[in-house]
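Chemist: Here is a sequence together with a model predicted from it:
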2 protein chains.
Amino acid sequence: MRKEKVSTAVIRRLPRYYRNLEELSRAGVVRISSGALSAAMGITASQIRQDLSCFGEFGLQGYGYNVENLRREIGEILGVGQGHRAILLGAGNLGRALMENFHFERTGFTLTAAFDVDPAVIGKTLAGVPVLDLKELEGYLEREGADVAVLTVPGGVAQAVTDRLTQCGVRGLWNFTNMELSTPKSTVVENVHFADSLLTLGYMILENKE
Amino acid sequence: MRKEKVSTAVIRRLPRYYRNLEELSRAGVVRISSGALSAAMGITASQIRQDLSCFGEFGLQGYGYNVENLRREIGEILGVGQGHRAILLGAGNLGRALMENFHFERTGFTLTAAFDVDPAVIGKTLAGVPVLDLKELEGYLEREGADVAVLTVPGGVAQAVTDRLTQCGVRGLWNFTNMELSTPKSTVVENVHFADSLLTLGYMILENKE
């Protein structure tokens, strides 16, 4: 299957399919019907059949989907096997929570180093990842490189850190600060804006009452 | 302005406008042109003018937008003034990061209590919020009530905790676990799926290279 044939709307849902197939695969599920996948994911079976229709050979009538094959195909489109290298900026509460609890490797990323300005944390190893002095950022990137930087720094320094990262060739930013970042076209930004998410939830609660 | 007149697509962007206007308001900005708002938000000025066209009286030609009035109007649509009460389940790294760093009150929520099963944290007060024994959940909700629950528990117990919450009348779940939750129609769920977000970033990097 070639990704040129997949619509943007489907692409946007692929990470969710990938995550659920990954869970199913690790649980030892070999094949699954669209009905069972629907129950597991909370998406209607007809939407699933439509989304995955281009993955025809894995969704034969009466057979269902081969979990591992489908996971691998979708992973390929998403670039999970690209061996992306990530660094993390800001080893505070949120940074540590990600380092200690988030499975970077399951999404195809390797977290190689973290950076901070606090002498109390510099030099430590958290969840197997060394915490370096932010002063060493440029030197480290020149030596080791990184595709993605996870931004868990305070909002006030987010843009300054972003500028240093993009100048060193980092092409992707996973932005957990509540700031809008300005970047060159060669760098993409994925925002995790907690405030927007909670505001949306508040709105949905109001709507759901009416 | 009545929200019936606002399209769903605009509604989806309102949290982002609200967050940026809130920042501008706190920074003392009284009024702002669509061009300057565009630069601050990274949205084109024409998109902003179109999105906010129904807020006509605040965007007079040559005057720009009155920041505080626009913030208040959008906040009203989003329900920021509803006095939502929130509790948090799971005071681990991520739970603590939210308690200590996320400004619930800026989105109109008050975090009243956290719950955990770990004796080492039960009874403590984190960022002014008491951490209670998860056993006390039902009793607390009966006495105090809560509109929203923040789920930062391990994935394996997410559905069980969800069932207890919805049975006690919690109408909104802010879900940070990597699980898909099953809930009655009276409860809405807003997911923060870190894995989906990072997978999307990985995909965007690939696309951006081509």
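Modeler: Alright, I've got the coordinates. Since the model is a prediction, treat every value here as computed from it, not as a measurement.

Chemist: In chain A, what helix or strand scores lowest on average pLDDT?
Modeler: Taking mean pLDDT, DSSP states H and E as the measure, chain A has strand A:59-60 as its least confident helix or strand, at a mean of 54.

Chemist: How many residues are close by residue A:13?
Modeler: Residue A:13: 18 surrounding residues under other C-beta atoms under 10 Å in any protein chain shown. Every C-beta, even on glycine, is put in place using the N, C-alpha and C of the backbone.

Chemist: wait, isn't residue A:17 in contact with residue A:51?
Modeler: Yes. With contact defined as C-beta atoms under 8 Å, residue A:17 counts as touching residue A:51 (7.4 Å).

Chemist: quick one: low-confidence ranges for chain A?
Modeler: Applying pLDDT under 70 to chain A flags residues A:1-6, A:54-62, A:210.

Chemist: Which strands or helices does the helix ranked longest in it pack on?
Modeler: Ranked by number of residues, the top helix in chain A under DSSP state H is helix A:8-26. Judged by 3 or more C-beta pairs under 8 Å, 6 or more residues apart in numbering or on different chains; DSSP states H and E, the packing partners of helix A:8-26 are helix A:34-41, helix A:45-51, helix A:67-78, helix B:194-209.

Chemist: Quick check: residue A:141 touching residue A:169?
Modeler: Yes. Counting by C-beta under 8 Å, residue A:169 is a contact partner of residue A:141 at 7.1 Å.

Chemist: the more surrounded of these two?
Modeler: Applying other C-beta under 10 Å to residue A:141 and residue A:169 shows that residue A:141 carries more neighbours, namely 19 against 13.

Chemist: Distance of residue A:65 relative to residue B:200?
Modeler: Noted for residue A:65: a distance of 22 Å to residue B:200, by C-beta to C-beta, to the nearest Å.

Chemist: Counting neighbours, go ahead and name the busier of the two.
Modeler: The neighbour comparison of residue A:65 against residue B:200 (other C-beta under 10 Å) goes to residue A:65, with 25 against 21.

Chemist: Which strand residues bridge the more buried one?
Modeler: residue A:32, residue A:59 (DSSP bridges).

Chemist: In space, what's closest to the spatially most central residue of chain A - neighbours in sequence excluded?
Modeler: Residue closest to the average C-alpha location in chain A (C-alpha atoms, centre = their mean): residue A:107, at 6.4 Å. Once flanking residues are discounted, residue A:107 sits nearest to residue B:198: 4.7 Å by C-beta to C-beta, 6 or more residues apart in numbering or on different chains.

Chemist: The one you found: how many residues sit nearby?
Modeler: Other residues close to residue B:198 by other C-beta under 10 Å number 28.

Chemist: I figured it was touching residue A:111, is that so?
Modeler: No. Using C-beta under 8 Å, residue B:198 is not in contact with residue A:111; the gap is 10.7 Å.

Chemist: which residues do the two both contact?
Modeler: When contacts are counted by C-beta atoms under 8 Å, 6 or more residues apart in numbering or on different chains, residue B:198 and residue A:111 have residue A:104 as shared neighbours.

Chemist: Please say which of residue A:17 and residue A:51 ends up with more neighbours.
Modeler: Taking other C-beta under 10 Å, residue A:17 and residue A:51 do not tie; residue A:17 has more neighbours (25 against 19).

Chemist: Let me see the contact set for the more buried one.
Modeler: Contacts of residue A:17 by C-beta under 8 Å, 6+ apart are A:41, A:51, A:52, A:70, A:74.

Chemist: would JSON lines of the helices and strands packed on helix A:8-26 with distance to residue A:179 be doable?
Modeler: Formatted as JSON lines, the helices and strands packed on helix A:8-26 follow (distance: least, C-beta to C-beta, whole Å):
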{"stretch": "helix A:34-41", "distance to residue A:179": "33"}
{"stretch": "helix A:45-51", "distance to residue A:179": "34"}
{"stretch": "helix A:67-78", "distance to residue A:179": "26"}
{"stretch": "helix B:194-209", "distance to residue A:179": "16"}
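
Chemist: Quick one, which of these gets closest to residue A:160.
Modeler: Nearest to residue A:160, of all these, is helix B:194-209, at 21.1 Å by C-beta to C-beta.

Chemist: before we move on, back to that, now do the buried residues in the longest helix of chain A.
Modeler: A:10, A:13-25 (16 or more other C-beta atoms under 10 Å in any protein chain shown).

Chemist: and what of stretch A:132-144?
Modeler: A:132, A:133, A:134, A:137, A:140, A:141.

Chemist: Residues contacting that stretch, please?
Modeler: Residues outside stretch A:132-144 that contact it (C-beta under 8 Å, 6+ apart) are A:85, A:87, A:89, A:112-117, A:122, A:161, A:164-165, A:168-170.

Chemist: do that again at 6 Å, thanks
Modeler: Residues from elsewhere that reach stretch A:132-144, judged by C-beta atoms under 6 Å, 6 or more residues apart in numbering or on different chains: A:113, A:115, A:117, A:122, A:168.

Chemist: The longest strand along chain A: what's the following helix or strand?
Modeler: Longest strand in chain A by number of residues (criterion: DSSP state E): strand A:109-116. Going down the chain from strand A:109-116, the next helix or strand is strand A:125-126, by DSSP states H and E.

Chemist: Residue B:169 versus the spatially closest residue to residue A:203 that is not a sequence neighbour, what's the distance?
Modeler: Once flanking residues are discounted, residue A:203 sits nearest to residue B:78: 4.9 Å by C-beta to C-beta, 6+ apart. Counting by C-beta to C-beta, the gap from residue B:78 to residue B:169 is 22 Å.

Chemist: what residues does chain A put near chain B?
Modeler: A:15-16, A:18-19, A:41-42, A:78-79, A:84, A:93-94, A:96-97, A:100, A:102, A:107, A:171-172, A:174, A:180, A:188, A:190, A:192, A:194-206, A:208 (C-beta under 6 Å from any C-beta of the partner chain).

Chemist: Those, buried ones only, as a ChimeraX selection?
Modeler: Per 16+ other C-beta under 10 Å, the buried members of those correspond to this ChimeraX selection:
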select /A:15,16,18,19,41,78,79,84,93,94,96,97,102,107,171,172,174,180,188,190,192,194,195,196,197,198,199,200,201,202,203,204,205,206
